[in-house]
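Visitor: structure, please.
(2 chains)
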Protein chains: 2
Amino acid sequence: MKIRAFEDTDWPAVYEIVREVIDGGETYAYDPDWTEQRTREVWVEPAPSITVVAVHDDGTVLGTAHSGPNRPGRGSHVATASFMVSSKARGQGVGRALGEYVLAWARSGGYHGMQFNAVVETNTVAVKLWQSLGFATIGIVPEAFDSKAHGLVGLHVMYQKF
Amino acid sequence: MKIRAFEDTDWPAVYEIVREVIDGGETYAYDPDWTEQRTREVWVEPAPSITVVAVHDDGTVLGTAHSGPNRPGRGSHVATASFMVSSKARGQGVGRALGEYVLAWARSGGYHGMQFNAVVETNTVAVKLWQSLGFATIGIVPEAFDSKAHGLVGLHVMYQKF
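Guide: Here you go, the predicted structure:
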């Protein structure tokens, strides 16, 4: 597996993963009615943000992430990031590899820290992964996510200082 | 003073307030390099969000607010809102009146609660106002705002359930 910058030709594979995650209804507060173009604008942001893909040796896209400033202007020294892994590639360390890549990118880029705004509390794999990579939960907004399987659950605000 | 829906002819007065707040560098992580058009897109969002103005009896715009879903899709049952008051109209209860109006709008519109994502901790007038209107701080993201006067300060995530 390697991680590299997103290229235009990756979009169909990335979109399949993003659609799968949105339709799953368990981890992202994204609008299922977004057009493909709108979805792409959300996932593939212009510079200074980056979008990357984790690619299997055979060329299959296993997962994707993007990272950039969490806020404009006087909040732009804190990064944020989002991650999605294909259901076919779970348990292979793809999320961790993407997390480590993006953290290294943000750290070397001069960001002061990284904030996740909305980690679904029932997504325990993600919460534990981010904890193991140095994030702590700042607070949990109660009932802020309507999980398809679990109903109303909290959203963690997570942060780590570099 | 009355509060009413934003109209196109309010934009010059609203923009003056928004510019003043951005340039002040104390309360909003907005990009000072945004064009006027981009600033308008941020402040005057399409439905289901609303933008309102607080207007003096003589027609002067004293302050403005917008409110709508904090997140798309499975997070859209929680509202958020933003508020700005002209420096010429401080201490007259404009922020409180806008807050009460927006809370009533969101409550009657079926939202489950309201979340503020980034209340600057040194903006104690705002923190106290929101507490007095029922908000509690879920957590503070440390050093997430680069205040012009105070340097790096925290951002409160505030929430109230309806």
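
Visitor: which residue ranges of chain A form helices?
Guide: Applying DSSP state H to chain A gives helices spanning A:11-24, A:36-43, A:94-108, A:124-132.

Visitor: which other helices and strands contact the second one?
Guide: Other elements packing on helix A:36-43 under the criterion 3 or more CB pairs under 8 Å, 6 or more residues apart in numbering or on different chains; DSSP states H and E are helix A:11-24. Every C-beta, even on glycine, is put in place using the N, C-alpha and C of the backbone.

Visitor: for the third one, same thing?
Guide: Secondary structure elements in contact with helix A:94-108, counted by 3+ CB pairs under 8 Å, 6+ apart, are strand A:2-5, strand A:50-55, strand A:61-69, strand A:78-85, strand A:113-120, helix A:124-132.

Visitor: I figured A:Thr137 hits A:His156, correct?
Guide: Yes: at 4.8 Å, A:Thr137 counts as touching A:His156 under the criterion of CB atoms under 8 Å.

Visitor: tell me the confidence at the nearest residue to A:Thr39 once chain neighbours are set aside?
Guide: Leaving aside its chain neighbours, A:Thr39 sits nearest to A:Val18 (5.8 Å; criterion: CB to CB, 6 or more residues apart in numbering or on different chains). pLDDT recorded at A:Val18 is 98.

Visitor: where's A:Val18 relative to chain B, distance?
Guide: 12 Å (CB to the nearest CB, to the nearest Å).

Visitor: now do the contacts for that residue.
Guide: With contact taken as CB atoms under 8 Å, 6 or more residues apart in numbering or on different chains, A:Val18 is in contact with A:30, A:39, A:43, A:64, A:84.

Visitor: and the fourth one, how far is that from A:Ser87?
Guide: Which is A:Thr64. From A:Thr64 over to A:Ser87 the distance is 13 Å, taken as CB to CB, to the nearest Å.

Visitor: neighbour-wise, which of those two wins?
Guide: A:Thr64 (28 against 9; other CB atoms under 10 Å in any protein chain shown).

Visitor: looks like the more buried one contacts A:Thr51 (just checking).
Guide: Yes: taking contacts as CB under 8 Å, A:Thr64 lies within contact range of A:Thr51: 6.8 Å.

Visitor: what touches both of these two?
Guide: A:6, A:43.

Visitor: pLDDT score for the residue of chain A found nearest chain B?
Guide: Chain B sits closest to A:Gly139 of chain A, with a gap of 2.6 Å, by CB to the nearest CB. Note for A:Gly139: predicted pLDDT of 98.

Visitor: ok, now which ones touch the nearest residue to it once chain neighbours are set aside?
Guide: Closest residue to A:Gly139 apart from its sequence neighbours, by CB to CB, 6+ apart: B:Gly139 at 2.6 Å. Counting by CB under 8 Å, 6+ apart, B:Gly139 touches A:137-139, A:157, B:156-157.

Visitor: what's the separation between the closest residue to A:Gly110 other than its chain neighbours and A:Trp34?
Guide: Take A:Gly110 and drop its neighbours on the chain: the residue closest to it by CB to CB, 6+ apart is A:His77, 7.8 Å away. A:His77 is 29 Å from A:Trp34, where distance means CB to CB.

Visitor: doesn't A:Gly95 make contact with A:Leu129?
Guide: Yes: if you go by CB under 8 Å, A:Leu129 and A:Gly95 touch, sitting 5.7 Å apart.

Visitor: the more surrounded of these two?
Guide: A:Gly95 (23 against 18).

Visitor: please report how far the closest residue to that one other than its chain neighbours lies from A:Val52.
Guide: Using CB to CB, 6+ apart and skipping the chain neighbours, the partner closest in space to A:Gly95 is A:Val85 (5.1 Å). With distances taken as CB to CB, A:Val85 is found 13 Å from A:Val52.

Visitor: list, one by one, the residues from chain A near chain B.
Guide: A:22, A:25, A:28-32, A:34, A:70-78, A:112-113, A:115, A:117-118, A:137-148, A:152, A:155, A:157, A:159, A:161 (CB under 8 Å from any CB of the partner chain).

Visitor: list buried residues within these.
Guide: A:22, A:25, A:28-31, A:34, A:70-78, A:112-113, A:115, A:117-118, A:137-147, A:155, A:157, A:159 (16 or more other CB atoms under 10 Å in any protein chain shown).
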